[in-house]
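> I'd like to go over a predicted model; first the sequence, then the structure.
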Amino acid sequence: MIIGFINVFPDQSAGGYPGSNFGNACAKGYYTINGQNTTLLSSCRYIGPDITTCQNTYGKKVLLSLGGARPTNQWIANDQSAVNFANFLWSAFGPQPASSSTNNIPRPFGSASVNGFDFDIESSLDTPPTYNGQTLTDYKSRGYAKMIYTLRHSLFTQYPSRRFYISGAPQCVVPDAHLGTVVTTAYFDFLFIQFYNTNQCSARAAITHASQGGKNDISYTTWSSVKFYNKNIKLYLGLSGSPASSSLVNYHLSPKEANTVIRRFYSDSKFGGVMLWEATSSAENVVCGLNYIGWMKKLLNAVQNKKTINTNTNDCRGSGSKTCGTCPAMPKSNNGRCGSNFGTVCNGTKYGSCCRSVIIIPVHRDSSDVVSLALMVIVCHVFQAQVLLALLLHYYL
């Protein structure tokens, strides 16, 4: 799962610290350096404990995302800036060292540490920035390969018994304006491709192409043919979790449409699973008693197990509808967990009324190569704004 975002980069930030935005997960309050206010949030007391719970109790990987859609002026001045940025992120969000050598670096999540970093670079300026008199025409991609090299070869290696990850979230156009060259020169473990922002290469284009033909189609196959630096990279179908979370309402796919796209590319060796933007909208998008996260889990499980499932939901999308027609009714819970996150009900069971709704981190493939379900209790604090990519990790991490 991904937490976002570190959305202000040091070269544009007051005091040289990066800035952050974690939605409603933090109170107001920022770190200061040499008496100067920065844009790095300092009051995020629930995120650290929740990260630790996800990792230690449920075995989940948590990555911190850099960039995001706002602001649009993120860039890295040069290789030294890239190295410094990587070092800061590692000191602030990586494993907390026993020594006091980094005591002057803030720890927004306390002793909790992330399992890696995600690059969701979307900067866009009318005029390229200048630095020391030089116009940075390559500002959209500049410095990221150096950052990743530093993280992998100078910082991750400090803990040889642990595995850390690098991911990216490019747009669907190939090559991506920001990461197009970076993915061929730097080692990414996986890409969460955003197939919900750009018409000509979106997941919606796949559905339209299948029914009407035409030149536009989803660009997954083109992405799969890119000569990545990591030959074993995994690619994720990035879908919107609800109509409200895509740039246009019709970019969102129904469960039936998502099933069509998943089955089309599931056999590709680089296929990793499905990514949803974002957690809150996905959890609240309930169709036939099951939210969109649950549907994606259900679809992936079905194709993994070579089964077909009923995805006809047209009769249960009406406002206030309580019956699903051809959709099966939600079964009774056998463990006390219920609600749209699980697709079960507690009424009529020994557990009484439904009271234990939690967020799902759905599917991953474990060491025996069997699809399984993992759950994460968030205790109503973190990840309730659009600050999380809900990942369907469909291979073993």
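Thanks, I have the structure now.
> average pLDDT for the longest helix that the chain contains?
In the chain, taking DSSP state H as the definition, the longest helix is helix 79-93. Averaged across helix 79-93, pLDDT comes to 97.
> And the helix or strand that it is followed by, what does it pack against?
Per DSSP states H and E, helix 79-93 leads on to strand 116-120 as the next helix or strand towards the C-terminus. Here strand 116-120 touches strand 2-6, strand 63-67, strand 165-168, going by 3 or more CB pairs under 8 Å, 6 or more residues apart in numbering; DSSP states H and E. Any C-beta I mention is one placed from the backbone N, CA and C, and that applies to glycine too.
> And the next helix or strand after the last one, what's buried?
It stands for strand 165-168. Per DSSP H and E, the first helix or strand lying C-terminal to strand 165-168 is helix 182-185. Within helix 182-185, the residues that qualify as buried are 182, 183, counting by 16 or more other CB atoms under 10 Å.
> Show me what the helix or strand just after helix 182-185 is in contact with.
With elements assigned by DSSP H and E, the helix or strand that comes after helix 182-185 is strand 190-194. Outside strand 190-194, the residues that touch it by CB atoms under 8 Å, 6 or more residues apart in numbering are 2, 118, 165, 167-172, 179, 183, 219-220, 223, 233-238, 272, 275, 277, 389, 391.
> Now the element after strand 190-194, going C-ward?
Using DSSP H and E, the first helix or strand after strand 190-194 is helix 203-212.
> Please identify the buried residues of the longest helix of the chain?
Result for helix 79-93 [16+ other CB under 10 Å]: buried residues 81-93.
> Show me what it is packed up against.
strand 63-67, helix 144-150.
> repeat that with 10 Å
strand 2-6, strand 63-67, strand 116-120, helix 144-150 (3 or more CB pairs under 10 Å, 6 or more residues apart in numbering; DSSP states H and E).
> Check which residues of the longest one are buried.
Meaning helix 144-150. Under 16+ other CB under 10 Å, the buried positions of helix 144-150 are 144, 145, 146, 147, 148, 149, 150.
> How many residues are close by the residue lying closest to the second one once chain neighbours are set aside?
Spatial nearest neighbour of residue 145, excluding adjacent residues (CB to CB, 6 or more residues apart in numbering): residue 186 at 4.2 Å. Applying other CB atoms under 10 Å, we find 22 other residues in the vicinity of residue 186.
> pretty sure residue 186 is touching residue 152, no?
Yes. With contacts counted by CB atoms under 10 Å, residue 186 reaches residue 152, the gap being 8.2 Å.
> Do a quick rundown of the helices in the chain.
With helices called from DSSP H, the chain shows them at 47-58, 79-93, 144-150, 182-185, 203-212, 220-224, 255-265, 279-284, 292-304.
> And the ones you listed, which one averages the lowest pLDDT?
Among those, helix 279-284 carries the lowest mean pLDDT (a mean of 89).
> before we move on, back to that, reformat the helices and strands packed on helix 79-93 as a markdown table; add distance to residue 307.
Below are those laid out as a markdown table (distance: least, CB to CB, whole Å):
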| stretch | distance to residue 307 |
| --- | --- |
| strand 2-6 | 29 |
| strand 63-67 | 31 |
| strand 116-120 | 32 |
| helix 144-150 | 39 |
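> quick one, which of these is nearest to residue 134?
When the helices and strands packed on helix 79-93 are compared by CB to CB, helix 144-150 sits nearest residue 134, at 16.5 Å.
> in stretch 158-168, what's buried?
164, 165, 166, 167, 168.
> my bad, stretch 231-250
Neighbour-count burial for stretch 231-250 flags 233, 234, 235, 236, 237, 238, 239, 240, 241, 242, 245, 246 (criterion: 16+ other CB under 10 Å).
> With residue 231 as the reference, measure out to the residue nearest to the third one when sequence neighbours are not counted.
Ranked by CB to CB, 6+ apart and with sequence neighbours excluded, the top spatial neighbour of residue 235 is residue 270, at 4.7 Å. Using CB to CB, to the nearest Å, one gets 9 Å for the distance from residue 270 to residue 231.
> Leaving out chain neighbours, which residue sits closest to residue 44?
Spatial nearest neighbour of residue 44, excluding adjacent residues (CB to CB, 6+ apart): residue 26 at 4.0 Å.
> circling back to that earlier point, so what sits against both of residue 186 and residue 152?
Contact criterion CB atoms under 10 Å, 6 or more residues apart in numbering; residues shared by residue 186 and residue 152: residue 166.
> low-scoring pLDDT stretches of the stretch 101-250 of the chain, where are they?
101-103 (pLDDT under 70).
> try 80
Applying pLDDT under 80 to the stretch 101-250 of the chain flags the ranges 101-103, 247-249.
> residue contacts, the closest residue to residue 246 other than its chain neighbours?
In space, and not counting its chain neighbours, residue 246 is closest to residue 240: 3.5 Å by CB to CB, 6+ apart. Listed by CB under 10 Å, 6+ apart, the contact set of residue 240 reads 194-197, 202-204, 246-249, 251-253, 276-278, 281-282, 285, 292.
> Quick one, grab the pLDDT at residue 389.
pLDDT at residue 389 comes out at 44.
> what's the distance between the closest residue to residue 150 other than its chain neighbours and residue 211?
Leaving aside its sequence neighbours, residue 150 sits nearest to residue 86 (CB to CB, 6+ apart; 4.0 Å). Using CB to CB, residue 86 is found at 46 Å from residue 211.
> circling back to that earlier point, may I see the helices of the chain arranged in a markdown table, with distance to residue 158 as well?
Below are the helices of the chain laid out as a markdown table (distance: least, CB to CB, whole Å):
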| stretch | distance to residue 158 |
| --- | --- |
| helix 47-58 | 18 |
| helix 79-93 | 8 |
| helix 144-150 | 12 |
| helix 182-185 | 23 |
| helix 203-212 | 39 |
| helix 220-224 | 32 |
| helix 255-265 | 37 |
| helix 279-284 | 31 |
| helix 292-304 | 35 |
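> so which of these gets nearest residue 332?
Using CB to CB, the helices of the chain put helix 292-304 closest to residue 332, at 16.0 Å.
> tell me which residues of the closest one are tucked away?
In helix 292-304, counting by 16+ other CB under 10 Å, buried: 292, 293, 294, 295, 296, 297, 298, 299, 300, 301, 302, 303.
> could these be laid out in a markdown table, adding distance to residue 259?
Compiled in a markdown table, the buried residues of helix 292-304 are given as follows (distance: CB to CB, whole Å):
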| residue | distance to residue 259 |
| --- | --- |
| 292 | 12 |
| 293 | 15 |
| 294 | 13 |
| 295 | 9 |
| 296 | 9 |
| 297 | 12 |
| 298 | 9 |
| 299 | 5 |
| 300 | 10 |
| 301 | 12 |
| 302 | 8 |
| 303 | 8 |
